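J.: What follows is a predicted structure for the sequence shown.
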Protein chains: 2
Amino acid sequence: MTSKVYVETLQQIHRIIQEDGLVAGDKIPSERELSERLKVGRSSVREALRALEFLGIIETRRGEGTYMKEFGEHQLIDLLGTFILQEEKAKTDLVETKVLLEQLCLQLACKRRSQTKLDELKKMIRQKTINYERFLKWVTEAGENYLLERIWRVLNDFFTSNYDAISLPITFYENMGHAFETQDISAILDLFTEHVVMPLSKQP
Amino acid sequence: MTSKVYVETLQQIHRIIQEDGLVAGDKIPSERELSERLKVGRSSVREALRALEFLGIIETRRGEGTYMKEFGEHQLIDLLGTFILQEEKAKTDLVETKVLLEQLCLQLACKRRSQTKLDELKKMIRQKTINYERFLKWVTEAGENYLLERIWRVLNDFFTSNYDAISLPITFYENMGHAFETQDISAILDLFTEHVVMPLSKQP
DNA sequence: AAACAAGACTGGTCTGACCACCTAATGTTT
DNA sequence: AAACATTAGGTGGTCAGACCAGTCTTGTTT
């Protein structure tokens, strides 16, 4: 045979999922049942399922079964990230890309921030529970682009594990809060440049 | 046990790849050797390798061995496409993020394009061998941010496997070429908005 | 009715056995 | 010596069966 069993099994499982109209949360047949129905070894079924699991399409729960998963928490980005960012020379790229993505998210958030989302931010500022980490989390969420949010989160994870945490005065957040309220994009970007980008470019 | 063997095995394999400094084209230890070294069953090794294979990080050749693979195209795209991109929100996020990243790359390329790199572009335009795919490849390269280039490439692979190729008149590239020569960033972004962003926002 | 216990699932893992395939060493012929 | 054919060992691909470790169902006991 030219084709590999676990590849065909993967396609068959996909077919079953489609024909049965399975959606997130639904249970898919057990490994042993799939093995029988598709007339392949259980190990081949498992190898196919493993691919689907790491792609974030299914979720396996020991003792319970295998379930369809909501698109979102796929480790795709994480895994790719760990493999891509292993090169040392990528660090300057990392910092630059992170900043660029943050500027992107700032613009999206400025445009799309809802009133309730804005209140969240103002509350964090008022109670002084805000820090740079939380602020950026809010920004990426308010941008309402989940994919971009995920990509940023990976970069941020690598950043925080290689650099010191960024600490900014409360006035920075207060000014940001005001700028988001009035949706003043240039004020937002200016604040960001002054307090985040410029200090970074001085560091090693 | 809390963690699953094939997950830990995956991390161990990653560690080996890093410590041995393996790059694209290099051979990684055989399944049986990994099984011995890591003291896990061969089936667990295979399940871990399967994940890496579908992520396009390795390539298995029957009878030869398993090799590191150049990051890029693979079935990952088709798989995720058929399984995931059915959800509308994910699609809009994908398109939006791709466009945003491209605008980022355009700005970087405008600033950093070297003379030799510029000549490459002009040559492609003169010989009319240019198309949108090649143009964007040039842009991301000229931006000289390898990380950003790779992230974009992933999104672009998703995109091209789910949407029709973008076809633009030669005048677009000629104008772009001129704008890059004079490093006129606003002209570049205007061209991009008019020919790429606007048509996309009209599509479903 | 509530609490408990046994059994029947399910996924997780390992082992050992083949098969198909490739490569390189070996031997044979020219 | 060079070209060819053969062979042996290594590699991924696949299967079957066994056992473990959790979860859920069911039926009995209290």
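T.: Happy to help now that I have it.

J.: Can you pull the phi/psi pair for A:Thr60?
T.: phi -110, psi 140 (degrees, to the nearest 10).

J.: Then A:Leu168?
T.: phi -130, psi 150.

J.: what's the burial count for it?
T.: 16 (other Cβ atoms under 10 Å in any protein chain shown). Using the backbone N, CA and C atoms, a C-beta is placed for each residue, glycine as well.

J.: ok, now which ones touch it?
T.: A:Tyr132, A:His195, A:Val196 (Cβ atoms under 8 Å, 6 or more residues apart in numbering or on different chains).

J.: domains of chain A?
T.: A:5-68, A:76-202 (automatic domain parsing).

J.: Any idea which of the ones you listed has the lowest pLDDT on average?
T.: With a mean of 84, domain A:76-202 has the lowest mean pLDDT of the domains of chain A.

J.: re the thing from before, derive a ChimeraX selection command for the buried subset of the contacts of A:Leu168.
T.: Buried residues within the contacts of A:Leu168, by 16 or more other Cβ atoms under 10 Å in any protein chain shown, are selected in ChimeraX with:
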select /A:195,196
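
J.: wait, which of the contacts of A:Leu168 is closest to DNA strand C?
T.: A:Tyr132 (37.0 Å; Cβ to the nearest atom of the strand).

J.: other SSEs contacting the longest helix seen in chain A?
T.: Ranked by number of residues, the top helix in chain A under DSSP state H is helix A:90-112. Here helix A:90-112 touches helix A:132-142, helix A:146-160, helix A:170-181, helix A:185-192, helix B:88-112, helix B:146-160, going by 3 or more Cβ pairs under 8 Å, 6 or more residues apart in numbering or on different chains; DSSP states H and E.

J.: quick one: the fifth one to chain centroid distance?
T.: If I follow you right, that is helix B:88-112. Between the centre of helix B:88-112 and the centre of its chain there are 13 Å (Cα atoms, centre = their mean, to the nearest Å).

J.: Tell me which residue lies nearest the centroid of chain A.
T.: By Cα atoms, centre = their mean, chain A has its centre lying nearest to A:Arg150, at 1.9 Å.

J.: Contact residues of chain A facing DNA strand D?
T.: Proximity of chain A to DNA strand D, by Cβ under 7 Å from any atom of the strand, involves residues A:1, A:4-6, A:35, A:39-44, A:47, A:61-64.

J.: Tabulate the helices and strands packed on helix A:90-112 (TSV), appending distance to A:Ile28.
T.: Converted to TSV, the helices and strands packed on helix A:90-112 look like this (distance: least, Cβ to Cβ, whole Å):
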stretch	distance to A:Ile28
helix A:132-142	31
helix A:146-160	24
helix A:170-181	43
helix A:185-192	45
helix B:88-112	21
helix B:146-160	24
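
J.: follow-up on the earlier one: most neighbours out of the residues of chain A next to DNA strand D, which is it?
T.: A:Glu47 (26 neighbours).

J.: My guess is that one contacts B:Arg46. True?
T.: Yes - the pair A:Glu47 / B:Arg46 is scored as a contact, 6.2 Å apart, by Cβ atoms under 8 Å.

J.: For burial, what's the neighbour tally of the residue of chain A found nearest DNA strand C?
T.: Nearest to DNA strand C, among the residues of chain A, is A:Ser30, at 3.1 Å (Cβ to the nearest atom of the strand). A:Ser30: 13 surrounding residues under other Cβ under 10 Å.

J.: Torsion angles phi and psi at it?
T.: Dihedral angles for A:Ser30 - degrees, to the nearest 10 - are phi -70, psi 160.

J.: List, out of the contacts of A:Leu168, those positioned next to DNA strand C.
T.: Okay, of these, nothing touches DNA strand C (Cβ under 7 Å from any atom of the strand).

J.: Throw the contacts of A:Leu168 into JSON lines and include distance to B:Gln11, thanks.
T.: Compiled in JSON lines, the contacts of A:Leu168 are given as follows (distance: Cβ to Cβ, whole Å):
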{"residue": "A:Tyr132", "distance to B:Gln11": "29"}
{"residue": "A:His195", "distance to B:Gln11": "37"}
{"residue": "A:Val196", "distance to B:Gln11": "32"}
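
J.: So which of the residues of chain A next to DNA strand D sit within helices?
T.: Per DSSP H, the residues of chain A next to DNA strand D map to helices at A:Val5, A:Tyr6, A:Ser35, A:Arg42, A:Ser43, A:Ser44, A:Glu47.

J.: quick one: the last one and chain B, what's the gap?
T.: When Cβ to the nearest Cβ, to the nearest Å is the yardstick, A:Glu47 and chain B sit 4 Å from each other.

J.: Same check on the third one?
T.: According to Cβ to the nearest Cβ, A:Ser35 stands 14 Å off from chain B.

J.: Now that residue: closest residue in space that isn't a chain neighbour?
T.: Excluding its sequence neighbours, the residue lying closest to A:Ser35 (Cβ to Cβ, 6 or more residues apart in numbering or on different chains) is A:Arg42, at 4.3 Å.

J.: now swap in the first one and tell me
T.: Computed as Cβ to Cβ, 6+ apart, the closest residue to A:Val5 that is not its neighbour in sequence is A:Ser44, at 4.5 Å.

J.: before we move on, what about the fifth one?
T.: Once its chain neighbours are removed from consideration, A:Ser43 has its nearest residue in B:Ser43; the separation is 5.7 Å (Cβ to Cβ, 6+ apart).

J.: for A:Arg62, what are its contacts?
T.: With Cβ under 8 Å, 6+ apart as the criterion, no residue contacts A:Arg62.

J.: Chain A against DNA strand C: which residues are in contact?
T.: Checking chain A against DNA strand C by Cβ under 7 Å from any atom of the strand, the hits are A:2, A:30-33, A:42-43, A:46, A:49, A:60-66.

J.: Farthest pair within those residues?
T.: Farthest apart among the residues of chain A next to DNA strand C by Cβ to Cβ are A:Thr2 and A:Gly63. That separation is 37.5 Å.

J.: A:Val197 against A:Val99, yeah?
T.: Yes - using Cβ under 8 Å, A:Val197 is in contact with A:Val99, at 5.7 Å.

J.: quick revisit: going by distance to DNA strand D, which of the residues of chain A next to DNA strand C wins?
T.: Closest to DNA strand D, out of all of the residues of chain A next to DNA strand C and judged by Cβ to the nearest atom of the strand, is A:Gly63, at 2.6 Å.
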